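Engineer: Sequence and predicted model, in that order:
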Protein chains: 2
Amino acid sequence: MAPTSEILTAERILEATEEVLRRHGPAKATVVDVARALGVSHGSVYRHFRTKAALREAVTKRWLDRTSGELSGIVAGGSAPEARLRDWLAALFAAKRRKAGDDPELFATYMVLTDEAGTAVGEHITDLTTQLARIIEAGVETGSFTTTDPEASARAVFQATGRFHDPCYAREWEQPGVEGEFEAVVELVVRGLHA
Amino acid sequence: MAPTSEILTAERILEATEEVLRRHGPAKATVVDVARALGVSHGSVYRHFRTKAALREAVTKRWLDRTSGELSGIVAGGSAPEARLRDWLAALFAAKRRKAGDDPELFATYMVLTDEAGTAVGEHITDLTTQLARIIEAGVETGSFTTTDPEASARAVFQATGRFHDPCYAREWEQPGVEGEFEAVVELVVRGLHA
DNA sequence: GGGCTGACAGATATTGAAATCTGTCAGCTG
DNA sequence: CAGCTGACAGATTTCAATATCTGTCAGCCC
């Protein structure tokens, strides 16, 4: 519509794609829509992204990266490792719950996108478990935690708390009692990490 | 087709429905199909089940009950509570993995059914966590486990191991390394239950 | 010439008319 | 008369014709 006279860049295409996805949803968002929103022909979009799938994956990756960025601050924090672990898990839960609760439709859109995405989700999970591993390593050094393999423990902790961050459980995050369930699982897991 | 001369009973309808679901899948299985398989008119089916949804829910309930039945034997076993807990979790994982791996289409069918089912799934989960609570109570008595609320701990253990029994993870149960991941989570959880 | 356009072929999605299904019930049948 | 049938109304699903989209590319424009 508004033929913005700026140069067409991958970044601008990604922004427009996010907007189109927000408006139309994952099923009806077409690259023609994206091109129209940018005031260019759809051929130009294909100059920056080989396929529609690649474009969607790039949008997904951006979204996922924003989420891990929100958490990375906690890893370096100065508090005791056990408190940091609890904080990190609580922050992950809170972030996911907020995203799912504030705009359920957009969240559903990204659930569809992450299902399509090839490597992006795997990389995101690796990213998060690596953050977890750093915290656990710190705990091993201070003697709070005991484990022979912090990476493996990090994966176990991540998987054990899946109910509170895996999107497939999103609809249960608003039910009464989840807070308590979250506390109970975190308690179990933290105790399991101790000597 | 073959007009079995026996009396039409809810049980026979449920069996025929399972067969029709196995053959046609959840989307294309109609109550007309079920009636045809039994050699009766579809009106007769409605004499035993008020709606198609009620019929499907009854089939789902039967299937779920068969699964919990398989596990209940372990709860009463004579071994040490910790070993019993490990056995029970391993048996749950093995049972789910077998069902999903042997006949993926049928498993997918039941995933659709359980999504529709109203209370049946919740009751099934309550059933399983109650079994878990019995084992944990036994462990508290022998001093192996420490917890103020075995029911709550049972729910936490069940949720923490969700990745290895929740159908939404079924596709990951065949990937290499799951065994190890399962062991790691069970280890974490069992340690968390200790004093 | 680097970046963009727009027409094109094949694949995918939409649409609306026709077919099938669900749930009911008056009446048949043994 | 208890249990079953089959025709019916409204809801849902199928199917095929039609429209739109994806991905390519020769050529245009700045």
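Structural biologist: Perfect, thanks for sending it.

Engineer: Distance-wise, check A:A35 relative to B:G101.
Structural biologist: Between A:A35 and B:G101 the computed distance is 44 Å (Cβ to Cβ, to the nearest Å). Where you see a C-beta, it was placed from the backbone N, CA and C, and this is true even at glycine.

Engineer: Looking at those two, which is more packed in?
Structural biologist: Each of A:A35 and B:G101 has its neighbours counted (other Cβ atoms under 10 Å in any protein chain shown); A:A35 has more, 20 against 12.

Engineer: Tell me the residues on chain A that lie near DNA strand D, please.
Structural biologist: A:30-33, A:42-43, A:46, A:50-53 (Cβ under 7 Å from any atom of the strand).

Engineer: Let's have those in CSV, adding neighbour count.
Structural biologist: Formatted as CSV, the residues of chain A next to DNA strand D follow (neighbours: other Cβ atoms under 10 Å in any protein chain shown):
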residue, neighbour count
A:T30, 13
A:V31, 19
A:V32, 12
A:D33, 18
A:H42, 15
A:G43, 9
A:Y46, 15
A:R50, 9
A:T51, 10
A:K52, 16
A:A53, 12
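
Engineer: So what does the closest residue to A:W88 other than its chain neighbours have for phi and psi?
Structural biologist: Counting by Cβ to Cβ, 6 or more residues apart in numbering or on different chains, A:W88 lies nearest to A:I74, which is 4.7 Å off, once chain neighbours are set aside. The phi and psi values for A:I74, taken as degrees, to the nearest 10, are phi -70, psi -30.

Engineer: For A:I74, give its distance to DNA strand D.
Structural biologist: 38 Å (Cβ to the nearest atom of the strand, to the nearest Å).

Engineer: Repeat that for A:L21.
Structural biologist: Taking Cβ to the nearest atom of the strand, one finds A:L21 at 12 Å from DNA strand D.

Engineer: Please list all residues in contact with A:V20.
Structural biologist: The contact partners of A:V20, taken as Cβ atoms under 8 Å, 6 or more residues apart in numbering or on different chains, are A:29-30, A:33-34, A:37.

Engineer: thought A:I135 was touching A:A76?
Structural biologist: No: counting by Cβ atoms under 8 Å, A:I135 does not reach A:A76; the two are 9.7 Å apart.

Engineer: Quickly list what's touching both of the two.
Structural biologist: Common neighbours of A:I135 and A:A76 (Cβ under 8 Å, 6+ apart) do not exist.

Engineer: Which one's more surrounded, those two?
Structural biologist: A:I135 (26 against 11).

Engineer: name the element that one belongs to?
Structural biologist: Under DSSP states H and E, the secondary-structure element containing A:I135 is helix A:120-142.

Engineer: If you count neighbours, what's buried in that helix?
Structural biologist: A:120-121, A:124-125, A:127-129, A:131-140 (16 or more other Cβ atoms under 10 Å in any protein chain shown).

Engineer: Stretch A:103-110 now?
Structural biologist: A:106-107, A:109-110.

Engineer: between those, which is closest to A:A83?
Structural biologist: A:A83 lies nearest to A:F107 out of the buried residues of stretch A:103-110, by Cβ to Cβ, at 29.1 Å.

Engineer: residue contacts, the closest one?
Structural biologist: By Cβ under 8 Å, 6+ apart, the neighbours of A:F107 are A:99-100, A:167, A:170.

Engineer: top of those by neighbour count?
Structural biologist: Of the contacts of A:F107, A:A100 is surrounded by the most neighbours, 20 neighbours in total, counting by other Cβ under 10 Å.

Engineer: ok, back up a step: which of the residues of chain A next to DNA strand D sit farthest apart?
Structural biologist: A:D33 and A:R50 (18.4 Å).

Engineer: From A:S68, how far out is the nearest residue to A:R134 once chain neighbours are set aside?
Structural biologist: Distances taken as Cβ to Cβ, 6+ apart put A:V75 closest to A:R134, at 5.1 Å, once the chain neighbours are dropped. Applying Cβ to Cβ, the value for A:V75 to A:S68 is 10 Å.

Engineer: quick one on the thing from earlier: for the helix holding A:I135, name the packing helices and strands.
Structural biologist: Other elements packing on helix A:120-142 under the criterion 3 or more Cβ pairs under 8 Å, 6 or more residues apart in numbering or on different chains; DSSP states H and E are helix A:52-75, helix A:81-102, helix A:150-160.

Engineer: Single out the most deeply packed of the ones you listed.
Structural biologist: helix A:150-160 (a mean of 23; mean count of other Cβ atoms under 10 Å in any protein chain shown).

Engineer: Who are the contact partners of A:T114?
Structural biologist: When the contact criterion is Cβ under 8 Å, 6+ apart, the partners of A:T114 are A:60, A:64, A:120-121, A:167.

Engineer: Read off the pLDDT value for it.
Structural biologist: On pLDDT, A:T114 comes in at 96.

Engineer: Return the distance of the one helix or strand it maps to from the chain's centre.
Structural biologist: Using DSSP H and E, A:T114 sits in helix A:104-116. Its chain's average C-alpha position is 11 Å from that of helix A:104-116, according to Cα atoms, centre = their mean, to the nearest Å.

Engineer: for stretch A:178-191, same thing?
Structural biologist: 21 Å.

Engineer: before we move on, back to that, confirm for me that the residue nearest to A:R134 is in contact with A:I135.
Structural biologist: Yes: with contacts counted by Cβ under 8 Å, A:V75 reaches A:I135, the gap being 6.0 Å.

Engineer: Quick check: neighbours shared by the two?
Structural biologist: By Cβ under 8 Å, 6+ apart, the residues touching both A:V75 and A:I135 are A:84, A:88.

Engineer: And the pLDDT for A:E6?
Structural biologist: 73.

Engineer: Pull up the gap between the most centrally placed residue in chain A and A:K99, please.
Structural biologist: For chain A, the residue nearest the mean C-alpha position is A:L64 (3.9 Å; Cα atoms, centre = their mean). Distance, A:L64 to A:K99, by Cβ to Cβ: 11 Å.

Engineer: do the same with A:E11
Structural biologist: Counting by Cβ to Cβ, the gap from A:E11 to A:K99 is 22 Å.

Engineer: tally of neighbours for A:G180?
Structural biologist: Neighbour count of A:G180, defined by other Cβ under 10 Å: 12.
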